[in-house]
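K.L.:
Build me a model:
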Amino acid sequence: MFPMGHAVKALRTLSAGEYLAWEETQRERHELVEGVPHAMAGASRVHNLLVGNLYALLRPLARARGCRLYSETVKLRIGESTFYYPDLMLVCAGDPPHAYYEDQPCLLIEVVSQATEVIDRREKLSRYLGIQSLQGYLLVDSRTRKVEGFLRRGEGWVYALWEGVQGKTIEVPCLGIHISMGQIYEDTGIPEDTGGQLKTDQI
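P.N.:
Residues are numbered from 1 along each chain as shown. Here you go, the predicted model:
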């Protein structure tokens, strides 16, 4: 029971079409999870710099391979009623299915903060790894020099953890390249940890 005096409203979920039409009229961005819209929190300065660094590094290579690279404002559709705004999304197959979303990403990257950590590591992880076209999901930490990767290997996934030193290179699925920790964290002010290492595990 609800206490007397409290207003109770039935929760109405949105269809994909209703959400897309509604979202175009909103001043803030909203993700849709199983039909329920959720407002997105504002990004920090470091978050913005990390997304910018990654976009600048990957964009020329994406274009050379005929892929599309998006940052933060293009939606990813998963299933009938879930849409996310990945921080970076690389698509290397087919024509765009819609003016406002993609649904066949090859690579997804999220910049992790305290506010988004639970969603990025649990909710999005479980949904992202179920996407048939996906070859990799990278989590770039905005508090320390750390990148985590979930990389497709055959029919399974491998977990990789890169930490610390500036010269360490991170595998970027789909593009067949490695980029350095120093390039990713350039100008962010996050100090280098000289004790870093690479760890990998089968998942």
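K.L.:
ranges for the helices of this protein?
P.N.:
16-23, 45-64, 117-118, 124-128, 181-184 (DSSP state H).
K.L.:
Show me the strands in this structure, by range?
P.N.:
Counting by DSSP state E, the chain has strands at residues 30-33, 36-39, 68-71, 75-78, 82-84, 88-91, 101-102, 107-112, 136-141, 146-153, 156-163, 169-172, 177-180, 198-202.
K.L.:
how about the helices of the chain, which one is nearest G35?
P.N.:
With Cβ to Cβ as the criterion, G35 lies closest to helix 16-23 of these, at 7.9 Å. For glycine as for every other residue, the C-beta is placed from the backbone atoms N, C-alpha and C.
K.L.:
Next, the buried residues of that closest one.
P.N.:
Judged by neighbour count (16 or more other Cβ atoms under 10 Å), helix 16-23 contains these buried residues: 16, 19-20, 23.
K.L.:
Relative to L58, how far out is E192?
P.N.:
Taking Cβ to Cβ, to the nearest Å as the measure, E192 and L58 are separated by 22 Å.
K.L.:
Next, count neighbours for R12.
P.N.:
Other residues lying near R12 total 8 when counted by other Cβ atoms under 10 Å.
K.L.:
out of E192 and L58, which sits in the busier spot?
P.N.:
Of the pair E192 and L58, L58 is the one with more neighbours under other Cβ under 10 Å, namely 22 against 15.
K.L.:
Please work out which of the helices of the chain is packed deepest.
P.N.:
helix 181-184 (a mean of 18; mean count of other Cβ atoms under 10 Å).
K.L.:
So which other helices or strands are in contact with that one?
P.N.:
helix 45-64, strand 169-172 (3 or more Cβ pairs under 8 Å, 6 or more residues apart in numbering; DSSP states H and E).
K.L.:
How far away from the center of its chain is it?
P.N.:
Relative to its chain's centre, helix 181-184 lies at 18 Å (Cα atoms, centre = their mean, to the nearest Å).
K.L.:
Same check on stretch 141-154?
P.N.:
With Cα atoms, centre = their mean, you get 11 Å for stretch 141-154.
K.L.:
What are the buried residues along stretch 63-77?
P.N.:
So, applying 16+ other Cβ under 10 Å, buried residues of stretch 63-77: 67-72, 74-77.
K.L.:
Over to stretch 98-114?
P.N.:
Buried residues in stretch 98-114 (16+ other Cβ under 10 Å): 101-113.
K.L.:
will you turn those into JSON lines that also has distance to L54 and pLDDT?
P.N.:
Output for the buried residues of stretch 98-114, formatted as JSON lines (distance: Cβ to Cβ, whole Å; pLDDT from 0 to 100):
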{"residue": "Y101", "distance to L54": "21", "pLDDT": "97"}
{"residue": "E102", "distance to L54": "17", "pLDDT": "97"}
{"residue": "D103", "distance to L54": "22", "pLDDT": "97"}
{"residue": "Q104", "distance to L54": "20", "pLDDT": "97"}
{"residue": "P105", "distance to L54": "15", "pLDDT": "98"}
{"residue": "C106", "distance to L54": "15", "pLDDT": "98"}
{"residue": "L107", "distance to L54": "11", "pLDDT": "98"}
{"residue": "L108", "distance to L54": "12", "pLDDT": "98"}
{"residue": "I109", "distance to L54": "6", "pLDDT": "98"}
{"residue": "E110", "distance to L54": "11", "pLDDT": "97"}
{"residue": "V111", "distance to L54": "8", "pLDDT": "97"}
{"residue": "V112", "distance to L54": "13", "pLDDT": "95"}
{"residue": "S113", "distance to L54": "15", "pLDDT": "91"}
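K.L.:
Thanks a lot, see you next time.
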